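**Q** coords below, sequence missing:
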């Protein structure tokens, strides 16, 4: 595997690899992030919160991109860079993943 980011996969249109599905795998990773956070929240609430009196949240690390020009292609590229974070941060997970016309 020779991708740059975990899980070290890449595929068209993001690279020329024989392993991976770059259209689908980011959603799987986001789903697993939410599941692991939910598990941590449950453990904290049931075992520690009453004694410690704390709270728990989630922080999403994100990079912000601006289009380099006013072209539609550049605007769509900048918009797609935050698409996954928008999905993860929506309330009432699990949700239906919307179709994208890009």
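**A** It's in. Everything quoted here is computed from the prediction, not taken from an experiment. Numbering: from 1, shown residues only.
**Q** for residue 51, phi and psi?
**A** For residue 51, the backbone dihedrals (degrees, to the nearest 10) come out as phi -70, psi -40.
**Q** What ranges in this protein fall below the confidence cut-off?
**A** For the chain, the stretches flagged by pLDDT under 70 are 1-17, 22, 61-63, 82-102.
**Q** The lengthiest helix in it - contacts with which helices or strands?
**A** Counting residues, the longest helix found in the chain (DSSP state H) is helix 25-43. Judged by 3 or more Cβ pairs under 8 Å, 6 or more residues apart in numbering; DSSP states H and E, helix 25-43 is in contact with helix 83-88. (Each C-beta comes from the backbone N, C-alpha and C, glycine too.)
**Q** okay, now residue 57: neighbour count?
**A** By the criterion of other Cβ atoms under 10 Å, residue 57 has 6 neighbours.
**Q** and it, helix, strand or coil?
**A** Following DSSP: H, G, I helix; E, B strand; the rest coil, residue 57 is assigned to coil.
**Q** how much space between residue 44 and residue 74?
**A** The gap separating residue 44 from residue 74 is 42 Å, by Cβ to Cβ, to the nearest Å.
**Q** give me the element residue 74 is part of.
**A** Secondary structure from DSSP states H and E places residue 74 in helix 72-80.
**Q** Okay, buried residues for that helix please.
**A** Within helix 72-80, no residue counts as buried by 16 or more other Cβ atoms under 10 Å.
**Q** Settle this for me: residue 65 is touching residue 77, isn't it.
**A** Yes: taking contacts as Cβ atoms under 8 Å, residue 65 lies within contact range of residue 77: 7.4 Å.
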